[in-house]
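Peer 1: no sequence for this one, just the structure:
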């Protein structure tokens, strides 16, 4: 049977591809500390489950294709408090941020088109972009520079006639890079000058650790035609399993096209929308506590990493990931070895090897992404296992 | 700004495009009887809401990308009872049947490819196929023949070097055509002989009204490489808002490709999967009662339709739709007129105009799709409004 040439260019998720090895290791009695997936252990606010329990309509009907008004209103109100004002028609509710990204790419990309993304980047962008027949054109960064990318000359050097958009994951996954207001302004200006979309993937907006005010590409109302904001409740409220996100844009033509895809898949789950609307009632104390918790974890990870000889990394400013260069030949081989050969008191550790976060062949081979989503004690043990593993791996 | 040439070829859902006119009509105080959307009014089994209420994990986590084992097992058990046996790895849980279709098309279609679908067909196939750069090649049918299409010569005449799959919505939406076991066998044989996929979109499997045993393309285990089954809880359990479906295939290579898309969108909502698993505990008496109810409605619609001079339609054998040729010049204009100009005691009616159900230009202009998803009394009134509307429209 013949398969699509596009899907043949795609790969499995690098965060999930070691799953079979993990299953085998667990069958052998290993305990695995997971630093590989961005699944927070923070409790989902009770408001979610309360709302679900109180749903009492007899028929679980389709929601409207653009999303339920109760959720759209909650999101508008959230942005109002950040002094960003959107019409209901500027917000399309989606199956997580993932679908918002896929719809945006489907609306703007043709075969042969390119989008600029600083590498390392969230690897699922690859499949999303490839599905459209387009490709990722990477903006180069370096672990020695803390993966910063917001330099006008560096970005403009990569723009060509195929470029359609700049994607900024801000705060960054996997790098934790947080753009300054000046850098965001510059990026928006570059997009405007070159007639490009600028896509702010802002799943981690709340997770910034230097007291910065919350930022969004949505604040640039002067770039109404260019800006697309991707948002989600997944990380904000530790509600990844709700799969509720949204696409936000003031570009009416884009939204009209997006609605075609929204209608084609009919609607987003009704209960999850009702319950996600309730999440937006949590107060600032919720975010303050969560932020404090992640900051403590970040500091633990950094302290442990800096004690490992040969590791190169800068302290991330946001999200809950650290990208680090390790003193190993190949992080992929190292990960497999950790699952198949290594153990310390029956324990081992998983991270996400770095290569799939890059578009440039050969880059990222000695890098890894660590998701600091475990509680303090487990995190310390996981990082100690990493240090022990590196030493044992290099002493084979 | 430049948009994708593919999205520009797509349109809005014909079932939803009159929504703005309906809003205006309602603002004028009109009561609208909705025959346009396949949203059943049957109560969702209580088991769904019970399961949701009993979910008590503190963190709403991502589910596994292929789906939650509890739901996969429930679906396997459902098929076991129909004497179709699938491995857990043959079933991929999706965001409704819609995502299952989109993933299947993305896996098998390249630019310029074609899929064979009898017309009239479910119009959202257009957007799904167009997204892949492919197109629908229609198998012609006629209202005078009750829209039947399963004729070997007719189908083989449409196969060419671009053909990749035959899609059978069975029972049919919008036509209500139900394939006989012999016709299904023939279709599978044609697919095998020509190296094509055969996609059975079987959302309406339970809704057959002549006492037939439940059928599925999945029963042809000898065509393991060819058969793709699309399934969903939406209509089966009147749980459209759950957005839980699945893609079923024994083709391992196809499933490996499908998993790339599944991982790229991370997972399907956790609560809806848990609750949908509980739906599969309802017994055969549930389906018997629902089937009886729809059959009564179908008979009402047919009786009313046959009393309108100039209507051409045959009694549908399954699903909950009737496709009918009306004595009007243009069903689209007629629908708009019904919303803008017509009323009877303040009431009017909506259906889905037929043209978007066709790929062949100009076909279906005088046809409509009626979804008989209203309770008896409302259905009678809706059909009377249709008859009154036709008379008034043609007497303008």
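Peer 2: Ah, there it is. Keep in mind that what you see is a predicted model, and the values were worked out from it rather than measured. Residues are numbered from 1 along each chain as shown, chains lettered A, B, ... in the order given.
Peer 1: what residues does the stretch 201-350 of chain A have near chain B?
Peer 2: For the stretch 201-350 of chain A, the residues in contact with chain B (C-beta under 8 Å from any C-beta of the partner chain) are A:225-226, A:238-243, A:251, A:253-254, A:257, A:259-261, A:263-272, A:275. Placement of C-beta: from N, CA and C, glycine included.
Peer 1: one more time with 10 Å, if that's ok
Peer 2: A:225-226, A:233-234, A:237-244, A:251, A:253-254, A:256-275, A:279 (C-beta under 10 Å from any C-beta of the partner chain).
Peer 1: can you count the residues close to residue A:127?
Peer 2: 23 (other C-beta atoms under 10 Å in any protein chain shown).
Peer 1: secondary structure element holding it?
Peer 2: helix A:124-131 (DSSP states H and E).
Peer 1: who does that helix touch, helix- and strand-wise?
Peer 2: helix A:5-9, helix A:96-108, strand A:114-118, strand A:135-139, strand A:163-169, helix B:96-108, helix B:252-264 (3 or more C-beta pairs under 10 Å, 6 or more residues apart in numbering or on different chains; DSSP states H and E).
Peer 1: spatially central residue in chain A, please.
Peer 2: residue A:173 (5.0 Å; C-alpha atoms, centre = their mean).
Peer 1: pretty sure that one belongs to a helix, no?
Peer 2: No - per DSSP: H, G, I helix; E, B strand; the rest coil, residue A:173 lies outside any helix segment and is coil.
Peer 1: could you verify my assumption that it touches residue A:232?
Peer 2: No - when contacts are counted by C-beta atoms under 10 Å, residue A:173 is not listed as touching residue A:232 (11.9 Å).
Peer 1: overlap in contacts, the two.
Peer 2: In terms of C-beta atoms under 10 Å, 6 or more residues apart in numbering or on different chains, residue A:173 and residue A:232 are both contacted by the residues A:201, A:203, A:204.
Peer 1: domains for chain A, by residue range?
Peer 2: For chain A, automatic domain parsing gives the domain ranges A:5-43+A:285-394, A:46-279.
Peer 1: I'd like the helices and strands packed on helix A:124-131 laid out as JSON lines, including distance to residue B:68 and mean pLDDT.
Peer 2: JSON lines is the format used below for the helices and strands packed on helix A:124-131 (distance: least, C-beta to C-beta, whole Å; pLDDT from 0 to 100):
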{"stretch": "helix A:5-9", "distance to residue B:68": "24", "mean pLDDT": "93"}
{"stretch": "helix A:96-108", "distance to residue B:68": "16", "mean pLDDT": "98"}
{"stretch": "strand A:114-118", "distance to residue B:68": "32", "mean pLDDT": "98"}
{"stretch": "strand A:135-139", "distance to residue B:68": "31", "mean pLDDT": "98"}
{"stretch": "strand A:163-169", "distance to residue B:68": "28", "mean pLDDT": "98"}
{"stretch": "helix B:96-108", "distance to residue B:68": "15", "mean pLDDT": "98"}
{"stretch": "helix B:252-264", "distance to residue B:68": "13", "mean pLDDT": "96"}
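Peer 1: wouldn't residue A:224 be in contact with residue A:248 here?
Peer 2: No - in this structure residue A:224 lies outside contact range of residue A:248 using C-beta under 10 Å: 11.2 Å.
Peer 1: so how far is the top helix by length along chain A off the chain centroid?
Peer 2: Taking DSSP state H as the criterion, chain A has its longest helix at helix A:284-306. Centre-to-centre, helix A:284-306 and its host chain are 18 Å apart (C-alpha atoms, centre = their mean, to the nearest Å).
Peer 1: ok, then the element right after it?
Peer 2: Downstream of helix A:284-306 (by DSSP H and E), the next one is strand A:321-325.
Peer 1: and that following strand, what does it pack onto?
Peer 2: helix A:284-306, strand A:367-371.
Peer 1: pLDDT on the shortest one, on average?
Peer 2: Same thing as strand A:367-371. For strand A:367-371, mean pLDDT is 96.
Peer 1: quick check, distance from it to the centre of its chain.
Peer 2: 13 Å.
Peer 1: ok, now stretch A:266-284?
Peer 2: Counting by C-alpha atoms, centre = their mean, stretch A:266-284 comes out at 20 Å from the chain centroid.
Peer 1: residues in contact with the residue nearest to the centre of chain A?
Peer 2: A:38, A:120-123, A:201, A:203-204, A:235, A:316, A:318-321, A:323, A:357, A:369, A:371.
Peer 1: where does the closest residue to residue A:56 other than its chain neighbours sit: helix, strand or coil?
Peer 2: Counting by C-beta to C-beta, 6 or more residues apart in numbering or on different chains, the nearest residue to residue A:56 once its immediate chain neighbours are dropped is residue B:49, at 7.9 Å. Of the three states, residue B:49 takes helix according to three-state DSSP.
Peer 1: now for residue B:49, how many residues are close by?
Peer 2: Neighbours of residue B:49 (other C-beta under 10 Å): 20.
Peer 1: what does the one 3 residues further on give?
Peer 2: Residues lying near residue B:52 (other C-beta under 10 Å) number 21.
Peer 1: how about it, what does it touch?
Peer 2: Going by C-beta under 10 Å, 6+ apart, the list of residues near residue B:52 reads A:49, A:52-53, A:55, A:60, A:271, A:275, B:242, B:271-272, B:274-275, B:278.
Peer 1: helices - which of those land there?
Peer 2: Using DSSP H, the contacts of residue B:52 in helices are A:49, A:52, A:53, A:271, A:275, B:271, B:272, B:274, B:275, B:278.
Peer 1: can I get those in JSON lines including pLDDT and distance to residue A:86?
Peer 2: Formatted as JSON lines, the ones in helices among the contacts of residue B:52 follow (pLDDT from 0 to 100; distance: C-beta to C-beta, whole Å):
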{"residue": "A:49", "pLDDT": "96", "distance to residue A:86": "28"}
{"residue": "A:52", "pLDDT": "94", "distance to residue A:86": "26"}
{"residue": "A:53", "pLDDT": "94", "distance to residue A:86": "30"}
{"residue": "A:271", "pLDDT": "97", "distance to residue A:86": "24"}
{"residue": "A:275", "pLDDT": "98", "distance to residue A:86": "22"}
{"residue": "B:271", "pLDDT": "97", "distance to residue A:86": "27"}
{"residue": "B:272", "pLDDT": "98", "distance to residue A:86": "27"}
{"residue": "B:274", "pLDDT": "98", "distance to residue A:86": "33"}
{"residue": "B:275", "pLDDT": "98", "distance to residue A:86": "32"}
{"residue": "B:278", "pLDDT": "98", "distance to residue A:86": "37"}
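Peer 1: quick one: which of the residues you listed is nearest to residue B:295?
Peer 2: Ranked by distance to residue B:295 (C-beta to C-beta), the ones in helices among the contacts of residue B:52 are led by residue B:278 at 26.7 Å.
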